[in-house]
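*Asks:* below is the sequence, then the predicted model.
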Amino acid sequence: MNSAPALIVTEIPFDALVTFFVLLIGLPAVVLQSLPPEIRQVLEKRRGMLARDLGLPIIIAIAVAAGTVVVHRYSVWPDGPVWSVGFGLLALISVMTAFVAPRRYGQRSAIIRLLAGESSRELEVSGRLLEDSLHDLVEFGRRSEPVREKLPTLLALRELADRVCEHPRYAGDALTDLIDGVVAIVVEARGAGRAQLVGPALAVLRRAVRAFDPTRSGHTDASSAIHGMSSLGIASISMGNPAVTQTITQSLGWSRGKDRALTMARSQALFEVGMAAIAHNEMLGAMKVLDGLTSLIHANAPAEGELARDTIGLFAHFWTSGETGRQFARFRMSQLEEYFERDIAAVVDATIEHCQLRALFETADKVRAMRRELGQRDGSTTLGAGG
Amino acid sequence: MPPSRPRALWIEDGARSELSHLSGPVLYDGRIELVLAEDLTTAVEYILEEEFDAVVVDVRLPPGDDPHWKELHRRAGRDKVHAELGLQLLRWLLGPAQAPDGELPKPPPWMSPSRIAVFSVDCRTEILDLLEELGIEVVQQKRADLPDTILRELIDRLLEQRGR
């Protein structure tokens, strides 16, 4: 004897129900097609995993349907319970597939977790990230739109950077791709809210610089991070957010170590940001840059080489920005004169030569103009207390 | 060797935005190295990393990422006005308990009340009493009629107090 629900089930045409369940199982494929392109790109590279997660339920569903038909035809069991169990299993498989697959692959957070997990698969053993997966994670962040959707990727990259830096085998050269990726995500972002990306990106770069330990690691990551700060700093000027520029500049000037290579990298980065700030008339940002260079000079006195030349180069940009800039440059140069290894005239000449060789013709011309005016006023290239 | 510059830390969440004009005079004359921290987490990081000759603190500050400060902020209803995290910072730096809840490291040995100024819109009597208890003498209320040079003046007062 059949119960009432079983009777209802047996009265529904089996092929119609199978079609319905197969449609449910196929729903994830429809969902996947409607996903944003950056998610589809990640999933297309992982077809094997998709085939496993979506193909397996289809195979099981076919087996269950076939099994139900066979049992119905050849067994002595009553029809009602056989159909009920068969339909129940099909329904369970279909619903699970229809809901689980889109959740697993259809959300950005899930994709980021997937890629971050892949990237760090061998981290515990090797102390390094898997390049392919890291590249996919960075690409995912670069292509995510709108801007706020990039933030979770940056936070995931920040966490990965922390884990790499804390690894006992970290030797200062495992983060270059990650650093370049973080910078690219922020610099290439367009639209409102870009400034919100700078904080997490800067945290990654600062982490890489802090992890530098001359006794056990090379300069590679720290230098990349400083170069990245320069790119962020220049980009922040076009964002029209002086607060962000100042934050980056402070990070660049925040150096107490006397490592020559890193000091040079910081000095060059500050010069580049300062030059861009003056070009955009962001004078407070430019003053902050000069303050960063001043801190480096104090920490590395007597200043010579790149640091001295970058500082003079930046002074020249102030000098040629107008009368107030000229007074400011004269005043601050007079303060710093005693911190240079050579006299100002020699540093100015060295800066001109250096800028020519580095194809920084505009800066070279500005330094020449400054030298000319300094000479005209004082009879020689010396400074009085101006300002 | 030429003398090094005094170093000042300004802990103020509007330091780079609505109050950025106050840093201009300090940056212009270049006598003082000015470091800005816009939240408690960053401020503590800097304080533990470097010695400062002057520290100017606001009372109403955001917590930053550190779980300790975030928890205090959450307990105050996620409102920086009620949380008064600047005062919590001062208690950590100068108070008898030194490290509340044992969650923070010990404050650096160079820290003293003579290096600290409070620059805040909120100068109620309870706050002033607490600052007196902690030994902080330089307190300035934020008002619209203050000169642009006020930050530099506060730092100068602290430096004078310490004979620098």
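*Replies:* Structure's in. What do you need?

*Asks:* tell me the residues of chain B that contact chain A?
*Replies:* Within reach of chain A by C-beta under 8 Å from any C-beta of the partner chain, chain B has these residues: B:1-2, B:4-5, B:16-17, B:20, B:23-24, B:27-31, B:33-36, B:38, B:50. Every residue, glycine included, has its C-beta placed from N, CA and C.

*Asks:* looking at these, which are in strands?
*Replies:* Counting by DSSP state E, the part of the residues of chain B next to chain A found in strands is B:33-36.

*Asks:* between those residues, which sits nearest residue A:190?
*Replies:* The nearest member of these to residue A:190, counting by C-beta to C-beta, is residue B:36 at 27.9 Å.

*Asks:* how about the nearest residue to the closest one, chain neighbours excluded?
*Replies:* Closest residue to residue B:36 apart from its sequence neighbours, by C-beta to C-beta, 6 or more residues apart in numbering or on different chains: residue B:15 at 4.4 Å.

*Asks:* residue contacts, the one you found?
*Replies:* By C-beta atoms under 8 Å, 6 or more residues apart in numbering or on different chains, the contact set of residue B:15 is B:22-23, B:36-38.

*Asks:* name the element the closest residue to chain B within the stretch 201-350 of chain A belongs to?
*Replies:* Per C-beta to the nearest C-beta, residue A:243 is where the stretch 201-350 of chain A lies closest to chain B, at 3.4 Å. Element membership for residue A:243 (DSSP states H and E) is helix A:242-253.

*Asks:* now do the buried residues in whichever helix or strand comes after that helix.
*Replies:* Following helix A:242-253 in sequence order, the next helix or strand is helix A:260-279 (DSSP H and E). Judged by neighbour count (16 or more other C-beta atoms under 10 Å in any protein chain shown), helix A:260-279 contains these buried residues: A:262-278.

*Asks:* for chain B, see how far away the closest residue to residue A:364 other than its chain neighbours is.
*Replies:* Closest residue to residue A:364 apart from its sequence neighbours, by C-beta to C-beta, 6+ apart: residue A:355 at 3.7 Å. Going from residue A:355 to chain B by C-beta to the nearest C-beta, to the nearest Å gives 24 Å.

*Asks:* residue contacts, residue A:355?
*Replies:* Counting by C-beta under 8 Å, 6+ apart, residue A:355 touches A:309, A:313, A:361, A:363-364, A:367.

*Asks:* buried subset of those residues?
*Replies:* Buried among these (16+ other C-beta under 10 Å): A:309, A:313, A:363-364, A:367.

*Asks:* what parts of chain A come near chain B?
*Replies:* Within chain A, the positions adjacent to chain B are A:242-244, A:246-247, A:250, A:254, A:256, A:284, A:287-288, A:290-291, A:294-295, A:298, A:301, A:328, A:331-332, A:335, A:338-339 by C-beta under 8 Å from any C-beta.

*Asks:* give me phi/psi at the closest residue to the residue of the stretch 201-350 of chain A closest to chain B other than its chain neighbours?
*Replies:* Of all residues not flanking residue A:243 in the chain, residue B:16 sits nearest, at 3.4 Å (C-beta to C-beta, 6+ apart). Main-chain dihedrals, residue B:16, degrees, to the nearest 10: phi -100, psi 0.

*Asks:* ok, residue B:16 touching residue A:246?
*Replies:* Yes. At 5.0 Å, residue B:16 and residue A:246 qualify as touching, with contact defined as C-beta atoms under 8 Å.
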